[in-house]
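Engineer: with the input below, show me the fold.
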Amino acid sequence: MLTLANINKKYADGTHALNNITIHLPKGMVGLLGPNGAGKSSLMRTLACLQDVDTGQINFDGLNVLEYPDELRKQLGYLPQQFGVYPAMSCHALLEHIAILKGLNSEQRKRQINELLSLVNLTAFAKKKVSKFSGGMKQRFGIAQALLGNPKLIILDEPTAGLDPAERESLNNLLVSISKERLVLLSTHIVEDIENQCRFVAMINQGKLIQSGNVDELVNQLAGNVWLLKRLPSELPAGSLVLSKSYRYGKPIFRVYAPQCPEPEAVAATATLQDKYFYELKSQGAKNATS
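Structural biologist: Okay, the predicted model is just below:
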């Protein structure tokens with residue numbers, strides 16, 4: 001549904017936020033992964049028509065986005081990482097206000113607002129001020145306003161930030177349910193959410209696309225080559241990478257990519273998207289160090 005070709009964006013301070021990004025994103029849930037400062041928010045702001053690019057082309061479902069940004073805005077739902085609300089307005093009143101700005105008529109506003117309040121479990125709180133909502137309720141409100149107008153493209157920047165596990169699970173289930181016939185672009189630091197909810201992922205770092213594809217296919221590229229070690233040997237096999245270090249009951253556990261068993265006590269592990277993510281980041285870092 002969405003194709004980006006040779007997208008470049010450089011800010012006034014010299015930061016090359018987007019560096020020759022070329023990718024095709026299919027409909028459904030699509031994950032966007034990258035460390036802080038990788039260019040995720042710059043990419044999402046670009047797709048939300050909040051900033052121009054220096055060079056490149058963006059096409060959404062046959063529409064030239066850079067030439068006709070207002071046409072995309074009519075099909076767009078956007079939830080930034082942080083958003084403000086009018087402090088004196090109730091949930092229903094604020095949704096009504098946003099729906100008017102989106103051009104919905106009276107009948108459409110009434111029907112969609114009632115449906116969305118039910119969908120995000122906020123019907124009982126429709127008269128409560130959004131400024132008094134908990135973090136999880138505000139995020140559910142943010143989803144509701146993003147869905148007004150039945151958009152074909154929904155952009156969500158860290159939608160589960162600050163949510164407890166139960167709220168996160170509920171939100172993820174909701175996102176999957178609404179993504180059948182539209183593109184939902186999800187940016188998050190929680191790799192597990194993307195692995196569980198998205199079938200396609202794009203990884204970016206330092207403004208560059210470093211990997212993209214179907215989640216299961218990318219993970220399978222490491223199958224049979226991920227190992228668990230309680231300690232690191234003095235020397236790892238050629239081509240190995242230490243992917244991550246975590247703790248279990250206070251004791252360290254290393255996840256290592258190695259083309260062969262790195263030591264007799266190593267235990268074979270099932271590869272995950274997080275393994276693939278760290279593998280790509282560290283491989284890129286190693287290339288940059290030697291270039």
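
Engineer: what's the neighbour count on Glu169?
Structural biologist: Glu169 sits with 14 neighbouring residues when counted by other CB atoms under 10 Å. C-beta: built from backbone N, CA, C; applies to glycine.

Engineer: typed the wrong thing, it's Leu186
Structural biologist: The burial count for Leu186: 27, using other CB under 10 Å.

Engineer: ok, then the element right after the helix or strand containing it?
Structural biologist: Secondary structure assigned from DSSP states H and E places Leu186 in strand 183-187. The helix or strand immediately downstream of strand 183-187 is helix 191-197, counting by DSSP H and E.

Engineer: what's the next secondary structure element after that next one?
Structural biologist: Counting by DSSP H and E, what follows helix 191-197 is strand 200-205.

Engineer: elements contacting that next one?
Structural biologist: Packing partners of strand 200-205 (3 or more CB pairs under 8 Å, 6 or more residues apart in numbering; DSSP states H and E): strand 16-25, strand 28-33, strand 208-214, helix 215-220, helix 273-290.

Engineer: mean confidence for that strand?
Structural biologist: In this model, strand 200-205 has a mean pLDDT of 96.

Engineer: can you check stretch 21-41 too?
Structural biologist: 93.

Engineer: equivalent analysis for stretch 240-258, please.
Structural biologist: Computed over stretch 240-258, the average pLDDT equals 95.

Engineer: buried residues, the helix or strand of the chain with the lowest mean pLDDT. List them.
Structural biologist: Every helix and strand of the chain was ranked by mean pLDDT, DSSP states H and E. The lowest is helix 165-178, at a mean of 80. Within helix 165-178, the residues scored as buried using 16 or more other CB atoms under 10 Å are 167-168, 170-172, 174-175, 178.

Engineer: packing partners of it?
Structural biologist: Taking 3+ CB pairs under 8 Å, 6+ apart as the contact cut, helix 165-178 packs with helix 135-147, strand 183-187, helix 191-197.

Engineer: contacting residues around stretch 11-25?
Structural biologist: With contacts defined as CB atoms under 8 Å, 6 or more residues apart in numbering, stretch 11-25 is touched by 1-10, 39, 42-43, 46, 53, 56, 183, 185, 200, 202, 204, 206-209, 212.

Engineer: same question for stretch 150-161.
Structural biologist: 1-2, 40-41, 44, 47-48, 60-61, 72, 75-81, 112, 139, 142-143, 146-147, 167-168, 171-172, 175, 178-179, 182-190, 193.

Engineer: what of stretch 32-51?
Structural biologist: 2, 7, 9, 17-19, 21, 52-53, 58, 65, 69-70, 72-73, 76, 78, 81, 153, 155, 157, 185-188, 191, 194, 201-208, 277, 281.

Engineer: pLDDT score for the spatially most central residue of the chain?
Structural biologist: The C-alpha lying nearest the average C-alpha coordinate of the chain belongs to Ser187 (CA atoms, centre = their mean; 1.7 Å). If you check Ser187, the pLDDT there is 90.

Engineer: what does Gln197 give?
Structural biologist: At Gln197, pLDDT is 88.

Engineer: ok, how many other residues are close to it?
Structural biologist: 21.

Engineer: which residues does it contact?
Structural biologist: Contacts of Gln197 by CB under 8 Å, 6+ apart are 29, 31, 172, 175-176, 186.

Engineer: try 7 Å this time
Structural biologist: Contact partners of Gln197, counting by CB atoms under 7 Å, 6 or more residues apart in numbering, are 29, 172, 175-176.

Engineer: list buried residues within the contacts of stretch 11-25.
Structural biologist: In those, the ones that pass as buried (16+ other CB under 10 Å) are 1-2, 4, 7, 9, 39, 42-43, 46, 53, 56, 183, 185, 200, 202, 204, 206-209, 212.
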